[in-house]
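*Asks:* Sequence below, structure please.
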Amino acid sequence: MNARKKLRAIMAGKKLVLMPGAYDGLSARIIEAEGFEAIVAGGYAAVGSMLAQADMGQSNMRDYAAHYGRICDAVEIPVYVDADTGFGGVNNVRQMIRAFEAAGVSGLFISDQVFPNRCGYLPGKQIVPVEQMLAKVKAALDARRDPDLFIAARTDAASVEGVEAAIERCQLFMEAGADMAKPMGFDTIPDIKRALREIPGPHMATLSQAAGPKARSLPELEAAGVCSATFPSLALFAAANAVRNVLRVLKKSDTLAPCQEHLIPLDDYYDLVGLKPLLAREESYDKAAAALTQRRAAE
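*Replies:* As a prediction, this is how the structure comes out:
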(Lines give C-alpha, C1' and ligand atoms only; values in the text may rest on other atoms or scores of the structure.)
Protein backbone atom coordinates (compact mmCIF):
# COMPACT_ATOMS: atom_id res chain seq x y z
CA MET A 1 0.00 0.00 0.00
CA ASN A 2 1.50 3.35 -1.02
CA ALA A 3 1.58 6.40 1.25
CA ARG A 4 -1.55 8.01 -0.21
CA LYS A 5 -3.60 4.85 0.20
CA LYS A 6 -2.29 4.59 3.77
CA LEU A 7 -3.50 8.11 4.54
CA ARG A 8 -6.91 7.32 3.12
CA ALA A 9 -7.06 4.19 5.27
CA ILE A 10 -6.19 6.26 8.35
CA MET A 11 -8.92 8.77 7.55
CA ALA A 12 -11.46 6.00 7.04
CA GLY A 13 -10.45 4.11 10.18
CA LYS A 14 -12.00 3.93 13.62
CA LYS A 15 -8.71 4.06 15.54
CA LEU A 16 -7.25 7.40 16.62
CA VAL A 17 -3.96 7.87 14.75
CA LEU A 18 -1.47 10.39 16.12
CA MET A 19 0.23 12.59 13.51
CA PRO A 20 3.10 14.71 14.88
CA GLY A 21 4.19 17.75 12.93
CA ALA A 22 7.49 17.88 11.04
CA TYR A 23 9.26 21.16 10.42
CA ASP A 24 11.99 19.71 8.15
CA GLY A 25 13.32 16.43 6.77
CA LEU A 26 15.24 15.47 9.90
CA SER A 27 12.27 15.98 12.22
CA ALA A 28 10.17 13.91 9.80
CA ARG A 29 12.74 11.11 9.90
CA ILE A 30 12.67 11.14 13.70
CA ILE A 31 8.87 10.91 13.72
CA GLU A 32 8.98 7.93 11.38
CA ALA A 33 11.79 6.26 13.34
CA GLU A 34 9.72 6.51 16.51
CA GLY A 35 6.97 4.45 14.94
CA PHE A 36 4.29 6.98 14.02
CA GLU A 37 2.06 6.11 11.08
CA ALA A 38 1.78 9.54 9.45
CA ILE A 39 3.10 13.09 9.58
CA VAL A 40 1.55 16.52 9.31
CA ALA A 41 3.59 19.43 7.93
CA GLY A 42 1.92 22.79 8.46
CA GLY A 43 2.54 26.39 7.54
CA TYR A 44 3.10 27.37 11.17
CA ALA A 45 6.13 25.06 11.46
CA ALA A 46 7.30 25.81 7.91
CA VAL A 47 7.37 29.58 8.36
CA GLY A 48 8.91 29.19 11.81
CA SER A 49 11.71 26.94 10.58
CA MET A 50 12.35 28.57 7.19
CA LEU A 51 11.97 32.23 8.14
CA ALA A 52 12.04 32.35 11.96
CA GLN A 53 8.75 34.23 11.85
CA ALA A 54 5.19 33.76 13.05
CA ASP A 55 2.85 32.26 10.46
CA MET A 56 1.13 35.15 8.71
CA GLY A 57 1.37 33.98 5.11
CA GLN A 58 4.90 35.16 4.32
CA SER A 59 5.91 32.18 2.17
CA ASN A 60 4.82 31.18 -1.32
CA MET A 61 3.67 28.07 -3.14
CA ARG A 62 7.04 27.14 -4.69
CA ASP A 63 8.86 27.47 -1.35
CA TYR A 64 6.24 25.27 0.30
CA ALA A 65 6.45 22.68 -2.50
CA ALA A 66 10.23 22.48 -2.10
CA HIS A 67 9.95 22.34 1.69
CA TYR A 68 7.32 19.60 1.63
CA GLY A 69 9.27 17.73 -1.03
CA ARG A 70 12.29 17.48 1.27
CA ILE A 71 10.06 16.18 4.06
CA CYS A 72 8.41 13.59 1.79
CA ASP A 73 11.79 12.44 0.47
CA ALA A 74 12.99 11.78 4.02
CA VAL A 75 10.23 9.27 4.91
CA GLU A 76 8.03 6.49 3.58
CA ILE A 77 4.95 7.26 5.70
CA PRO A 78 2.16 9.64 4.56
CA VAL A 79 2.72 13.40 4.81
CA TYR A 80 -0.38 15.61 5.12
CA VAL A 81 0.31 19.29 4.48
CA ASP A 82 -1.00 22.82 4.71
CA ALA A 83 -1.82 24.49 1.36
CA ASP A 84 -2.83 27.83 2.91
CA THR A 85 -5.47 29.49 0.71
CA GLY A 86 -4.30 27.70 -2.42
CA PHE A 87 -2.08 30.76 -3.05
CA GLY A 88 -4.59 32.64 -5.19
CA GLY A 89 -7.52 31.89 -7.48
CA VAL A 90 -8.53 28.67 -9.18
CA ASN A 91 -5.57 28.70 -11.59
CA ASN A 92 -3.17 29.13 -8.66
CA VAL A 93 -4.92 26.26 -6.87
CA ARG A 94 -4.43 24.08 -9.94
CA GLN A 95 -0.70 24.85 -10.02
CA MET A 96 -0.42 24.19 -6.29
CA ILE A 97 -2.09 20.77 -6.55
CA ARG A 98 0.23 19.70 -9.37
CA ALA A 99 3.33 20.99 -7.50
CA PHE A 100 2.40 19.43 -4.16
CA GLU A 101 1.45 16.16 -5.82
CA ALA A 102 4.83 16.08 -7.58
CA ALA A 103 6.50 16.81 -4.23
CA GLY A 104 5.04 13.57 -2.90
CA VAL A 105 2.45 14.75 -0.38
CA SER A 106 -0.29 12.29 0.49
CA GLY A 107 -2.88 14.87 1.42
CA LEU A 108 -3.44 18.58 1.89
CA PHE A 109 -5.98 21.11 3.06
CA ILE A 110 -7.01 24.47 1.64
CA SER A 111 -8.30 27.28 3.85
CA ASP A 112 -11.10 29.74 3.10
CA GLN A 113 -9.17 32.70 4.48
CA VAL A 114 -8.35 35.71 2.34
CA PHE A 115 -4.80 35.83 1.00
CA PRO A 116 -2.35 35.98 2.73
CA ASN A 117 -3.34 33.17 5.05
CA ARG A 118 -2.35 33.32 8.72
CA CYS A 119 -2.31 30.74 11.51
CA GLY A 120 -5.88 29.84 12.40
CA TYR A 121 -5.21 30.64 16.05
CA LEU A 122 -3.99 34.19 15.40
CA PRO A 123 -6.32 37.21 15.45
CA GLY A 124 -7.19 39.28 12.40
CA LYS A 125 -8.47 36.52 10.12
CA GLN A 126 -10.85 37.21 7.26
CA ILE A 127 -12.64 34.71 5.04
CA VAL A 128 -13.62 34.76 1.38
CA PRO A 129 -17.22 34.37 0.17
CA VAL A 130 -18.18 30.72 0.23
CA GLU A 131 -18.64 30.66 -3.56
CA GLN A 132 -14.94 31.50 -4.02
CA MET A 133 -13.92 28.67 -1.73
CA LEU A 134 -16.21 26.18 -3.45
CA ALA A 135 -14.64 27.13 -6.79
CA LYS A 136 -11.19 26.44 -5.30
CA VAL A 137 -12.30 23.07 -3.98
CA LYS A 138 -13.62 22.10 -7.42
CA ALA A 139 -10.42 23.31 -9.08
CA ALA A 140 -8.31 21.29 -6.65
CA LEU A 141 -10.29 18.12 -7.27
CA ASP A 142 -10.09 18.56 -11.03
CA ALA A 143 -6.34 19.22 -10.92
CA ARG A 144 -5.22 16.11 -9.06
CA ARG A 145 -3.76 13.37 -11.22
CA ASP A 146 -3.73 10.71 -8.51
CA PRO A 147 -7.26 10.03 -7.23
CA ASP A 148 -5.76 8.86 -3.93
CA LEU A 149 -4.43 12.34 -3.13
CA PHE A 150 -6.51 13.37 -0.10
CA ILE A 151 -7.95 16.88 -0.48
CA ALA A 152 -9.53 18.60 2.52
CA ALA A 153 -11.17 22.00 2.87
CA ARG A 154 -10.85 24.01 6.08
CA THR A 155 -12.96 26.93 7.20
CA ASP A 156 -12.02 29.66 9.68
CA ALA A 157 -15.60 30.92 9.73
CA ALA A 158 -16.21 29.96 13.38
CA SER A 159 -14.08 32.81 14.71
CA VAL A 160 -15.37 35.27 12.10
CA GLU A 161 -19.06 34.52 11.50
CA GLY A 162 -19.83 31.91 14.16
CA VAL A 163 -20.23 28.18 14.61
CA GLU A 164 -23.34 27.83 12.46
CA ALA A 165 -21.63 29.46 9.49
CA ALA A 166 -18.63 27.14 9.91
CA ILE A 167 -20.82 24.04 9.89
CA GLU A 168 -22.76 25.22 6.86
CA ARG A 169 -19.56 25.89 4.94
CA CYS A 170 -18.19 22.45 5.80
CA GLN A 171 -21.39 20.82 4.59
CA LEU A 172 -21.06 22.68 1.29
CA PHE A 173 -17.39 21.68 0.96
CA MET A 174 -18.38 18.02 1.29
CA GLU A 175 -21.17 18.47 -1.26
CA ALA A 176 -18.55 19.90 -3.63
CA GLY A 177 -16.56 16.66 -3.31
CA ALA A 178 -13.90 17.38 -0.70
CA ASP A 179 -12.53 14.30 1.07
CA MET A 180 -12.81 16.06 4.43
CA ALA A 181 -14.15 19.37 5.74
CA LYS A 182 -12.59 20.79 8.87
CA PRO A 183 -14.09 23.58 10.98
CA MET A 184 -11.09 25.35 12.50
CA GLY A 185 -11.50 26.19 16.17
CA PHE A 186 -13.74 23.23 17.05
CA ASP A 187 -11.36 22.20 19.81
CA THR A 188 -13.60 21.14 22.69
CA ILE A 189 -15.18 17.69 22.93
CA PRO A 190 -18.77 19.07 22.61
CA ASP A 191 -17.78 21.05 19.49
CA ILE A 192 -16.04 18.02 17.97
CA LYS A 193 -19.04 15.79 18.65
CA ARG A 194 -21.29 18.32 16.97
CA ALA A 195 -19.00 18.47 13.94
CA LEU A 196 -19.08 14.69 13.67
CA ARG A 197 -22.89 14.71 13.86
CA GLU A 198 -23.50 17.47 11.35
CA ILE A 199 -20.58 17.32 8.90
CA PRO A 200 -20.20 14.20 6.72
CA GLY A 201 -16.83 12.52 6.47
CA PRO A 202 -13.91 12.07 8.89
CA HIS A 203 -12.81 14.52 11.56
CA MET A 204 -9.19 15.40 12.30
CA ALA A 205 -8.46 17.05 15.64
CA THR A 206 -5.74 19.69 15.90
CA LEU A 207 -3.66 19.82 19.09
CA SER A 208 -1.46 22.83 18.47
CA GLN A 209 0.71 24.75 20.90
CA ALA A 210 -0.68 27.85 19.21
CA ALA A 211 -4.15 27.00 20.55
CA GLY A 212 -3.09 27.11 24.18
CA PRO A 213 -4.30 24.54 26.74
CA LYS A 214 -7.54 22.76 25.89
CA ALA A 215 -9.61 20.46 28.11
CA ARG A 216 -9.53 17.24 26.08
CA SER A 217 -7.68 13.97 26.15
CA LEU A 218 -6.73 11.47 23.47
CA PRO A 219 -9.11 8.80 24.84
CA GLU A 220 -11.92 11.36 24.73
CA LEU A 221 -11.12 12.20 21.12
CA GLU A 222 -11.08 8.54 20.12
CA ALA A 223 -14.33 7.86 21.98
CA ALA A 224 -15.93 10.77 20.14
CA GLY A 225 -15.04 9.18 16.79
CA VAL A 226 -12.04 11.28 15.75
CA CYS A 227 -9.86 9.40 13.23
CA SER A 228 -6.64 11.34 13.68
CA ALA A 229 -5.06 13.94 15.91
CA THR A 230 -2.35 16.25 14.63
CA PHE A 231 0.37 17.90 16.70
CA PRO A 232 1.57 20.41 14.09
CA SER A 233 3.96 22.43 16.25
CA LEU A 234 5.07 19.84 18.85
CA ALA A 235 8.46 19.03 17.28
CA LEU A 236 9.09 22.69 16.41
CA PHE A 237 8.56 23.82 20.00
CA ALA A 238 10.57 20.89 21.36
CA ALA A 239 13.48 21.61 19.03
CA ALA A 240 13.47 25.35 19.75
CA ASN A 241 13.49 24.66 23.48
CA ALA A 242 16.26 22.04 23.23
CA VAL A 243 18.52 24.26 21.10
CA ARG A 244 17.96 27.24 23.38
CA ASN A 245 18.70 25.20 26.50
CA VAL A 246 21.93 23.66 25.23
CA LEU A 247 23.18 27.04 23.99
CA ARG A 248 22.48 28.52 27.40
CA VAL A 249 24.54 25.71 28.95
CA LEU A 250 27.37 26.43 26.51
CA LYS A 251 27.22 30.17 27.16
CA LYS A 252 27.21 29.70 30.93
CA SER A 253 29.96 27.05 31.14
CA ASP A 254 32.10 28.22 28.21
CA THR A 255 32.96 24.59 27.45
CA LEU A 256 31.39 21.74 25.49
CA ALA A 257 31.58 19.08 28.22
CA PRO A 258 28.33 19.98 30.08
CA CYS A 259 26.49 20.07 26.74
CA GLN A 260 27.11 16.39 25.96
CA GLU A 261 24.17 15.10 27.99
CA HIS A 262 21.85 17.28 25.90
CA LEU A 263 23.07 15.90 22.54
CA ILE A 264 22.01 12.85 20.53
CA PRO A 265 24.83 10.24 20.50
CA LEU A 266 26.88 10.27 17.31
CA ASP A 267 26.03 6.67 16.38
CA ASP A 268 22.32 7.35 16.88
CA TYR A 269 22.54 10.40 14.64
CA TYR A 270 24.33 8.45 11.90
CA ASP A 271 21.69 5.70 12.13
CA LEU A 272 19.00 8.34 11.81
CA VAL A 273 20.49 9.98 8.72
CA GLY A 274 21.44 6.65 7.12
CA LEU A 275 25.22 7.02 6.93
CA LYS A 276 25.91 3.28 6.47
CA PRO A 277 23.64 2.88 3.42
CA LEU A 278 25.19 6.00 1.86
CA LEU A 279 28.71 4.64 2.34
CA ALA A 280 27.68 1.23 1.04
CA ARG A 281 26.18 2.81 -2.08
CA GLU A 282 29.37 4.76 -2.72
CA GLU A 283 31.43 1.61 -2.34
CA SER A 284 29.24 -0.42 -4.68
CA TYR A 285 29.46 2.19 -7.46
CA ASP A 286 33.21 2.61 -6.95
CA LYS A 287 33.69 -1.17 -7.25
CA ALA A 288 31.54 -1.34 -10.37
CA ALA A 289 33.48 1.52 -11.97
CA ALA A 290 36.82 -0.07 -11.06
CA ALA A 291 35.73 -3.42 -12.49
CA LEU A 292 34.70 -1.74 -15.75
CA THR A 293 38.06 0.02 -16.18
CA GLN A 294 39.96 -3.17 -15.28
CA ARG A 295 38.00 -5.15 -17.84
CA ARG A 296 38.67 -2.55 -20.51
CA ALA A 297 42.38 -2.53 -19.63
CA ALA A 298 42.56 -6.32 -19.96
CA GLU A 299 41.03 -6.34 -23.44
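*Asks:* in this structure, which spans are helices?
*Replies:* 3-12, 25-33, 43-51, 61-74, 90-103, 130-143, 163-175, 189-198, 218-224, 234-253, 266-273, 275-298 (DSSP state H).
*Asks:* Let's have these in CSV, adding mean neighbour count, distance to Ala152 and mean pLDDT.
*Replies:* For glycine as for every other residue, the C-beta is placed from the backbone atoms N, C-alpha and C. Shown next, in CSV, are these (neighbours: other C-beta atoms under 10 Å; distance: least, C-beta to C-beta, whole Å; pLDDT from 0 to 100):
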stretch, mean neighbour count, distance to Ala152, mean pLDDT
helix 3-12, 19, 9, 97
helix 25-33, 20, 20, 97
helix 43-51, 21, 14, 91
helix 61-74, 19, 15, 96
helix 90-103, 19, 13, 97
helix 130-143, 19, 9, 98
helix 163-175, 20, 8, 96
helix 189-198, 16, 13, 93
helix 218-224, 15, 18, 91
helix 234-253, 14, 20, 94
helix 266-273, 12, 30, 95
helix 275-298, 10, 35, 92
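*Asks:* Turn these into JSON lines, columns for distance to Ser208.
*Replies:* What follows is the helices of the chain, written out as JSON lines (distance: least, C-beta to C-beta, whole Å):
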{"stretch": "helix 3-12", "distance to Ser208": "19"}
{"stretch": "helix 25-33", "distance to Ser208": "16"}
{"stretch": "helix 43-51", "distance to Ser208": "7"}
{"stretch": "helix 61-74", "distance to Ser208": "18"}
{"stretch": "helix 90-103", "distance to Ser208": "21"}
{"stretch": "helix 130-143", "distance to Ser208": "22"}
{"stretch": "helix 163-175", "distance to Ser208": "17"}
{"stretch": "helix 189-198", "distance to Ser208": "15"}
{"stretch": "helix 218-224", "distance to Ser208": "14"}
{"stretch": "helix 234-253", "distance to Ser208": "8"}
{"stretch": "helix 266-273", "distance to Ser208": "25"}
{"stretch": "helix 275-298", "distance to Ser208": "34"}
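*Asks:* Which of those sits closest to Ala205?
*Replies:* Of all those, helix 218-224 sits nearest to Ala205, with 5.2 Å by C-beta to C-beta.
*Asks:* helices and strands around that closest one, which ones?
*Replies:* For helix 218-224, the packing partners by 3 or more C-beta pairs under 8 Å, 6 or more residues apart in numbering; DSSP states H and E come out as helix 189-198.
*Asks:* Could you list the domains of this structure?
*Replies:* Residue ranges for each domain of the chain read 3-232, 265-299, as given by automatic domain parsing.
*Asks:* On the strand side of things, show who the residue positioned nearest the centre of the chain bridges to.
*Replies:* Centroid-nearest residue in the chain: Ala41, 1.9 Å away (criterion: C-alpha atoms, centre = their mean). Under DSSP bridges, the beta-bridge partners of Ala41 are Val81.
*Asks:* Would you agree it is in contact with Tyr68?
*Replies:* Yes - Ala41 is within contact range of Tyr68, at 5.8 Å (criterion: C-beta atoms under 8 Å).
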